[in-house]
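Visitor: prediction below, plus the sequence it came from.
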Amino acid sequence: MWLALEIGNSRLHWGLFTGTTLSHTWDTDHVAESLTQQLCQCRTLDDLPPEIFPSHVRNQQIVPDQTPHPPIFLASVLPQQTAIWQNHPHVRVLTLEQIPLLNMYPTLGIDRALALWGAGKSLGFPMLVIDAGTALTFTGADTNHYLIGGAILPGLGLQFTTLRQKTGQLPQVQTEITCLPPRFALNTPEAIQSGIIYTLLAGIKDFCLSWWQLFPDAKILIKGGDHGLLLKYLQFQFPEIAARLIVQPNLIFWGMREVVKFC
Ligand SMILES: Nc1ncnc2c1ncn2[C@@H]1O[C@H](COP(=O)(O)OP(=O)(O)O)[C@@H](O)[C@H]1O
Ligand SMILES: CC(C)(COP(=O)(O)O)[C@@H](O)C(=O)NCCC(=O)O
Ligand SMILES: [K+]
């Protein structure tokens, strides 16, 4: 048994594996430094505090009582959180060197590399992964596992939040709406929704078309906290693109499973 922990910019993503079988996933908030001591002293899974091992997972009784603390394989894009976890006796920090993708650059996010590796190994290369997380990223590799590259932009939630935080009179607006706003809006909330959502959708469409120009018929997978919303909006606006995207929220864990096999 082992735990997979991905530390993203918004939250922690957990996976519980038995061998290569992913049995449970859950998300938690980032960990406060004050919890570090307590974490280091946990000897069994049950010792883990509810902030880490929430009751809705614990109550499923997926692990017998007194199960020794399993190793935690950690992939993080947040140095402050890595610092909190890396001295934990059960934590093993994964690095880019362990991922067999070719042509990676040193500052590539390990979340992007792992998701792409997991997607490609499971469903075949060429592969493009769209991660609709805090940031929205595109990351692609060709048939030879050679990183073609990608792009990074503020994610859906972040676009709304930044607009509010960095302006004098723009409100926080709902990211979740039941139908698309009018393109040319006559009130502030809908003008913000129109601007962010239509440009994001046009951008996603453009990246997908560019990918299919390079690799006709190649797969595109989508994941991340906002994948559901973006896909829903995409279905309204560009249904033919939406129909070709494959949803797989657990790509990171697929990638970690591939890498951990060799640890
Ligand atoms: N329960 C939630 N907590 C935080 N963010 C959420 C939640 N549900 C959806 N989101 C959306 O998901 C985005 C973060 O995506 P996620 O993949 O969890 O992030 P990361 O991997 O970067 O930590 C947020 O910007 C927000 O718009
Ligand atoms: C682009 C990211 C911020 C995405 O992080 P996320 O939104 O998934 O939390 C992260 O992958 C990162 O810090 N990357 C380093 C730069 C790069 O990949 O080129
Ligand atoms: K992520």
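Guide: Cool, got the structure. Numbers count the residues shown, from 1 in each chain. Ligands and ions are numbered 1, 2, ... in the order given.

Visitor: in stretch 226-236, what's buried?
Guide: 226-227, 229-234 (16 or more other Cβ atoms under 10 Å). Backbone N, C-alpha and C define where each C-beta goes, glycine included.

Visitor: okay if I get those as CSV plus secondary structure and pLDDT?
Guide: Listed next are those as CSV, based on DSSP: H, G, I helix; E, B strand; the rest coil; pLDDT from 0 to 100:
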residue, secondary structure, pLDDT
Asp226, coil, 98
His227, helix, 98
Leu229, helix, 98
Leu230, helix, 98
Leu231, helix, 98
Lys232, helix, 98
Tyr233, helix, 98
Leu234, helix, 98
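
Visitor: wait, doesn't Trp117 sit right on Leu102?
Guide: No - taking contacts as Cβ atoms under 8 Å, Trp117 lies outside contact range of Leu102: 10.9 Å.

Visitor: higher neighbour count, the two?
Guide: Legend: neighbour count by other Cβ atoms under 10 Å for Trp117 and Leu102, higher for Trp117 (29 against 10).

Visitor: contacts only, for the more buried one.
Guide: Applying Cβ atoms under 8 Å, 6 or more residues apart in numbering, we find Trp117 in contact with 99-101, 255, 258-259.

Visitor: out of the residues you listed, list just those in helices.
Guide: 255, 258-259 (DSSP state H).

Visitor: near ligand 2, which residues of the stretch 101-250 of the chain show up?
Guide: 107-109, 111-112, 131, 133-135, 137, 152 (Cβ under 6 Å from any ligand atom).

Visitor: buried subset of these?
Guide: With neighbours counted using 16+ other Cβ under 10 Å, those contain these buried positions: 108-109, 111-112, 131, 133-135, 137.

Visitor: so can I have JSON lines of those showing pLDDT, secondary structure and distance to Trp14?
Guide: Output for those, formatted as JSON lines (pLDDT from 0 to 100; DSSP: H, G, I helix; E, B strand; the rest coil; distance: Cβ to Cβ, whole Å):
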{"residue": "Leu108", "pLDDT": "98", "secondary structure": "coil", "distance to Trp14": "23"}
{"residue": "Gly109", "pLDDT": "98", "secondary structure": "coil", "distance to Trp14": "19"}
{"residue": "Asp111", "pLDDT": "98", "secondary structure": "helix", "distance to Trp14": "14"}
{"residue": "Arg112", "pLDDT": "98", "secondary structure": "helix", "distance to Trp14": "19"}
{"residue": "Asp131", "pLDDT": "98", "secondary structure": "strand", "distance to Trp14": "17"}
{"residue": "Gly133", "pLDDT": "98", "secondary structure": "coil", "distance to Trp14": "15"}
{"residue": "Thr134", "pLDDT": "98", "secondary structure": "coil", "distance to Trp14": "17"}
{"residue": "Ala135", "pLDDT": "98", "secondary structure": "strand", "distance to Trp14": "20"}
{"residue": "Thr137", "pLDDT": "99", "secondary structure": "strand", "distance to Trp14": "21"}
